[in-house]
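Student: Sharing a model that was predicted from the sequence below.
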Amino acid sequence: MKVRSRDESFNTSGELDGSNDLLTDSIEDDFELSTVCYRPEGLEKLLEQTKFNRKELQVLYRGFKNECPTGLVNEDTFKLIYSHFFPQGDSSMYAHFLFEAFDRHKNGAVSFEDIVTGLSIIVRGTVTDRLCWAFSLYDLNKDGCITKEEMNDIMKSIYDMMGKCTYPCMKDSAPNEHVESFFRKMDRNNDGVVTMEEFLESCQKDEAIMESMHLFDHII
């Protein structure tokens with residue numbers, strides 16, 4: 001990891017959070033410097049790597065820094081933050097899968113770059129980009145195909161997170177029924193697994209799925 005000087009670190013943080021002079025409040029800055037163990041890449045680099053504009057990145061960074069002052073998020077913290085969005089259910093398993101998808105370097109920690117890179121694909125990527133990201137989320141062991149066991153784990157985690165709050169209440173068999181429906185639609189050659197090619201082809205022919213791909217277009 002590249003070591004930045006004190007001035008470089010402050011300049012980078014200042015660019016991202018929109019502040020003009022981070023050195024004016026020395027006590028606050030010294031506290032921040034002592035607690036932050038990781039600094040994000042510069043704003044210009046993130047502008048090149050994502051499809052967010054300058055203002056959007058600054059807003060995202062301020063929110064990230066408020067929740068994660070150390071600059072990195074471990075899985076337990078990620079689960080805690082995510083649980084705030086779904087207090088009515090158990091989001092821990094789905095948050096685990098989502099954390100794995102965001103953890104690009106597989107080092108047990110998610111940085112601001114990891115978050116905005118993933119969000120950029122989810123909310124600003126092409127349909128193919130978004131579908132590929134979804135496939136990677138479902139492919140739990142990253143072997144290039146989705147098995148029924150993997151899809152069942154994903155669906156169970158989603159129903160644990162949201163199912164209890166639906167009306168009418170979901171049956172216990174709902175996750176398995178959803179998986180069977182998924183494979184009837186996606187598993188073109190009936191070999192028991194869904195490949196990336198099958199997934200993309202099936203999704204792109206499904207009008208409902210295509211419409212859902214645009215739900216997050218204007219979320220930020």
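Tutor: Now that the structure is in, tell me what you want to look at.
Student: hey, let's count contacts and neighbours off CA atoms from now on
Tutor: Noted.
Student: domains in this structure, as residue ranges please.
Tutor: Taking automatic domain parsing as the domain assignment, the ranges for the chain are 10-17+27-124, 143-220.
Student: And the ones you listed: which comes nearest Phe135?
Tutor: Distances from Phe135 to each of the domains of the chain were compared using CA to CA; the shortest belongs to domain 143-220, at 6.8 Å.
Student: Give the rounded mean pLDDT of stretch 93-109.
Tutor: Stretch 93-109 shows a mean pLDDT of 94 in the predicted model.
Student: mind giving me JSON lines with the domains of the chain and columns for mean neighbour count and distance to Trp133?
Tutor: JSON lines is the format used below for these (neighbours: other CA atoms under 10 Å; distance: least, CA to CA, whole Å):
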{"stretch": "domain 10-17+27-124", "mean neighbour count": "17", "distance to Trp133": "7"}
{"stretch": "domain 143-220", "mean neighbour count": "15", "distance to Trp133": "10"}
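Student: Distance to Arg130 added to those domains, as JSON lines?
Tutor: Putting the domains of the chain into JSON lines (distance: least, CA to CA, whole Å) gives the following:
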{"stretch": "domain 10-17+27-124", "distance to Arg130": "5"}
{"stretch": "domain 143-220", "distance to Arg130": "7"}
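Student: Go through these and name the closest to Ala134.
Tutor: Evaluated with CA to CA, the domains of the chain place domain 10-17+27-124 nearest to Ala134, the distance being 8.7 Å.
Student: quick one: low-confidence parts of the protein?
Tutor: Scanning the chain for pLDDT under 70 picks out the ranges 1-41, 163-170, 214-220.
Student: all strands for the protein, in order.
Tutor: Per DSSP state E, the chain has strands spanning 72-74, 109-111, 145-147, 193-195. These are given in chain order.
Student: partners of the last one in the sheet?
Tutor: Each strand pairing with strand 193-195, determined using DSSP bridges, is listed with its direction: strand 145-147 (antiparallel).
Student: now the strands of the chain in TSV, with distance to Asp172?
Tutor: TSV is the format used below for these (distance: least, CA to CA, whole Å):
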stretch	distance to Asp172
strand 72-74	31
strand 109-111	33
strand 145-147	20
strand 193-195	24
